[in-house]
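K.L.:
model the following, please.
(one chain, ligands or ions: 1)
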Amino acid sequence: MKVHNINTAESLLISMCDERARMLQHQFAVSVNHVHALAILVSTFYYNKIPPAINQSVFADYTDMTSFERPLLSGVAYAQRVVRADREKFENQQGWIIKTMKKEPSPEQDEYAPVIFSQETISYIEALDMMSGEEDRENILRARSTGKAVLTNPFRLLESNHLGVILTFPVYRWRISSDATVDERVKATVGYLGGAFDVESLVENLLKQLAGNKDIMVNVYDVTNISTPLIMYGSGANDGYKLLSYASMLDFGDPFRRHQMECRYRQKP
Ligand code: WA2
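P.N.:
Residues are numbered from 1 along each chain as shown. Here you go, the predicted model:
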């Protein structure tokens, strides 16, 4: 790309960065909304209907047919809350034992969050206790005590090993008022509906489709802790044309976290 005026180059960079941030934020929000609806689906048709109208095969079909609604998610799953006293009964009913995220039989814990339903794209997390992974566990605890959608730090996801974040919604046994206490929320928790944002490959796909993609470098950071930004997308390498850069704000809907997109030219414009 050649422009003869640095102001033109700068306004072009700003508009390209803002456009990308807007698109990413939109696709993120759409995906989060649909996972919210899935959490309500499980509550309605698994817990509030006798006999339950959802099993693994129904969940797999439904999530497969609606995957177009969640463009940035590589898969969704439901993990049921199981307390220590109920583990044996639960395992007998399921016909399998709870495993850790390292695929070993789970040692005894106060409580577990084994996956009982999963979209086929991430079927490898079936039977895994999501509380045995640090990032997933923090999400589960924060989701159930706030009642809100929460996101993890960026980290390497299971199997794909792609950089991404996990989204978690709590599922409560009964309708819970919006001013319920943390204690009431924890007591009412029956499980967690979540999904994996495969940022590394799905954001790449999104950006590839846009004009000017070859001219600019895009990095996305979790800047919740401003002194230690965490790379979420991009190489993070400090190269490209350093004299001109721009950061667009991103809002992924978790008020506990801050994200931003940083853009610069690959070469002097
Ligand atoms: N799902 C897919 N890949 C993962 C992962 C995960 N968690 N964690 C690490 N790699 C069922 O919060 C509940 C999904 C966790 C939800």
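
K.L.:
quick check: buried residues in stretch 254-264?
P.N.:
Buried residues in stretch 254-264, defined by neighbour count with 16 or more other CB atoms under 10 Å: Asp254, Arg257, Arg258, His259, Gln260, Met261, Glu262, Cys263, Arg264. For every residue, glycine as well, the C-beta is placed using N, CA and C.

K.L.:
what sits against the nearest residue to Ala188 once chain neighbours are set aside?
P.N.:
Leaving aside its chain neighbours, Ala188 sits nearest to Tyr172 (4.2 Å; criterion: CB to CB, 6 or more residues apart in numbering). By CB atoms under 8 Å, 6 or more residues apart in numbering, the residues touching Tyr172 are Ser43, Gly147, Arg185, Ala188, Thr189, Val190.

K.L.:
up against the ligand, what does this structure have?
P.N.:
Contact residues, the chain versus the ligand (CB under 6 Å from any ligand atom): 77, 79, 115, 122, 125, 130, 133, 136, 139-140, 157-158, 166, 168, 192, 194, 196.

K.L.:
let's see that with 5 Å instead.
P.N.:
For the chain, the residues in contact with the ligand (CB under 5 Å from any ligand atom) are Ala77, Ala79, Ile122, Met130, Asp136, Leu157, Leu158, Ile166, Thr168, Tyr192, Gly194, Ala196.

K.L.:
in helices only, show me those.
P.N.:
Asp136 (DSSP state H).

K.L.:
now tabulate the residues of the chain next to the ligand in TSV and tack on pLDDT.
P.N.:
Shown next, in TSV, are the residues of the chain next to the ligand (pLDDT from 0 to 100):
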residue	pLDDT
Ala77	99
Ala79	99
Ile122	98
Met130	98
Asp136	98
Leu157	98
Leu158	98
Ile166	98
Thr168	98
Tyr192	99
Gly194	98
Ala196	98
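
K.L.:
most surrounded residue in the residues of the chain next to the ligand?
P.N.:
Neighbour counts for the residues of the chain next to the ligand, by other CB atoms under 10 Å, peak at Gly194, which reaches 30 neighbours.

K.L.:
doesn't Gly75 make contact with it?
P.N.:
No - here Gly194 does not reach Gly75: they are 9.6 Å apart, not a contact under CB atoms under 8 Å.

K.L.:
mind checking which of the contacts of Tyr172 are in strands?
P.N.:
Under the assignment DSSP state E, these contribute Thr189, Val190 to strands.

K.L.:
out of the contacts of Tyr172, who's the most crowded?
P.N.:
Counting neighbours by other CB under 10 Å, Thr189 leads the contacts of Tyr172 with 22 neighbours.

K.L.:
just checking, it touches Val171?
P.N.:
Yes - between Thr189 and Val171 there is a contact under CB under 8 Å: 7.3 Å.

K.L.:
so for the closest residue to the ligand within the stretch 151-269 of the chain, what's the nearest residue that isn't a sequence neighbour?
P.N.:
Using CB to the nearest ligand atom, the closest approach of the stretch 151-269 of the chain to the ligand is made by Gly194 at 2.6 Å. With sequence-adjacent residues excluded and distances taken as CB to CB, 6+ apart, Gly194 is closest to Thr168, at 4.2 Å.
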